[in-house]
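Participant: Okay, sequence plus prediction incoming.
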Amino acid sequence: MSAAASLTEAFTDLQGTLKTEQPDLSITYNFGGSGMLVTQIQQGADADVVATADTTTMKTLTDDGSVEAPVTFAHNRLAILVAPGNPKHVEGLVDLSRRDIKFVTEEDTVPAGRYAARALSAAGVTANPVSKEVDVKAAVAKVTSGEADATIVYQTDVTAAGSKGEGVEIPDEQNVIAEYPIAIVKTTKNHAGAAAFVDAVVHGSGQDALGKRGFLRPG
């Protein structure tokens, strides 16, 4: 099961639930940047299901015939992550262009990086990141470790950071809503198990797990 890094906590929760609900369903996760996951599948990686953090990345797999028809199962909002107490007094996206702010983002192949770029553009802000990370969790780690002052991640990542970080809200007119699709990989050797997992994510206990972690329901 290959899944976007931002799904780590919710899907790990779901794994525990499914051990009780469907004890015959064995789940092994591969979390990472959506672009990296797509590349792995295109290169023949063993995956039954893939869930990405945007439709653009998933379209790469539908276009080349690697996956069955995807289904959107969750949405997410963006937020700015800063250190606890917000010591640099970041109040919005405009502050990310300040010279005293070490801002990190995600690589251009990562949905979060593209979403962040769209949000900055909507705010008319030009920011110069000190680094571009391989996935959203790596960007979070830069801030929670003190190596950076701020990053743009998903609201669910701010929640998952707990006491190690603090969120700064991005207003609706500048925010971008992330759309998460999931699909069965056509080369799967366990189609029944893959279908059962997708059903749990789209219709079953997966929706509860996602909601508890702050994801928004689709539609």
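Facilitator: Now that the structure is in, tell me what you want to look at.

Participant: Strands along this structure, start to end?
Facilitator: 2-4, 30-32, 49-51, 71-76, 78-82, 103-106, 131-133, 150-154, 166-169, 178-184 (DSSP state E).

Participant: which one of those is the most hemmed in?
Facilitator: strand 150-154 (a mean of 29; mean count of other Cβ atoms under 10 Å). C-betas here are computed from N, CA, C, even on glycine.

Participant: can you count the residues close to L216?
Facilitator: Using other Cβ atoms under 10 Å, L216 has 17 other residues around it.

Participant: Distance check, the closest residue to it other than its chain neighbours against D64.
Facilitator: What sits nearest to L216 in space, not counting adjacent residues and going by Cβ to Cβ, 6 or more residues apart in numbering, is H75, at 4.1 Å. From H75 across to D64, the span is 26 Å (Cβ to Cβ, to the nearest Å).

Participant: likewise D199?
Facilitator: Relative to D64, and taking Cβ to Cβ, D199 is found at 25 Å.

Participant: same check, this time on V90
Facilitator: For V90, the distance to D64 - Cβ to Cβ - is 41 Å.

Participant: who's more crowded, the two?
Facilitator: More neighbours surround V90 than the other of V90 and D64, with 21 against 11 (other Cβ under 10 Å).

Participant: That one contacts A150, correct?
Facilitator: Yes - applying Cβ atoms under 8 Å as the test, V90 and A150 come out as touching, 5.4 Å apart.

Participant: Common neighbours of those two, please.
Facilitator: Here V90 and A150 share the contacting residues 80, 82, 96, 101, 168, scored by Cβ atoms under 8 Å, 6 or more residues apart in numbering.

Participant: What count of nearby residues applies to the closest residue to I27 other than its chain neighbours?
Facilitator: Excluding its sequence neighbours, the residue lying closest to I27 (Cβ to Cβ, 6+ apart) is Q15, at 5.1 Å. As a burial measure, Q15 scores 17 neighbours (other Cβ under 10 Å).

Participant: Could you do D208 as well?
Facilitator: Other residues close to D208 by other Cβ under 10 Å number 13.

Participant: got the buried residues for the longest helix seen in the chain?
Facilitator: Using DSSP state H, we find that the single longest helix of the chain is helix 8-21. Judged by neighbour count (16 or more other Cβ atoms under 10 Å), helix 8-21 contains these buried residues: 8-11, 13-15, 18.

Participant: Closest one to R213 out of those, please.
Facilitator: Distances from R213 to the buried residues of helix 8-21, taken as Cβ to Cβ, are shortest for A10 (4.2 Å).

Participant: Can you give me the separation between the residue lying closest to E133 once chain neighbours are set aside and L216?
Facilitator: Nearest non-adjacent residue to E133, counting by Cβ to Cβ, 6+ apart: A139, 4.3 Å away. Distance, A139 to L216, by Cβ to Cβ: 21 Å.

Participant: again, but for S97
Facilitator: S97 sits at a distance of 28 Å from L216 (criterion: Cβ to Cβ).

Participant: do R77 as well
Facilitator: 7 Å.

Participant: Now list whatever residues contact both of those two.
Facilitator: Joint contacts of R77 and L216 (Cβ under 8 Å, 6+ apart) are I177.

Participant: if I pick E179, what's in contact with it?
Facilitator: Taking Cβ under 8 Å, 6+ apart, one finds 54-55, 72, 75, 218 in contact with E179.
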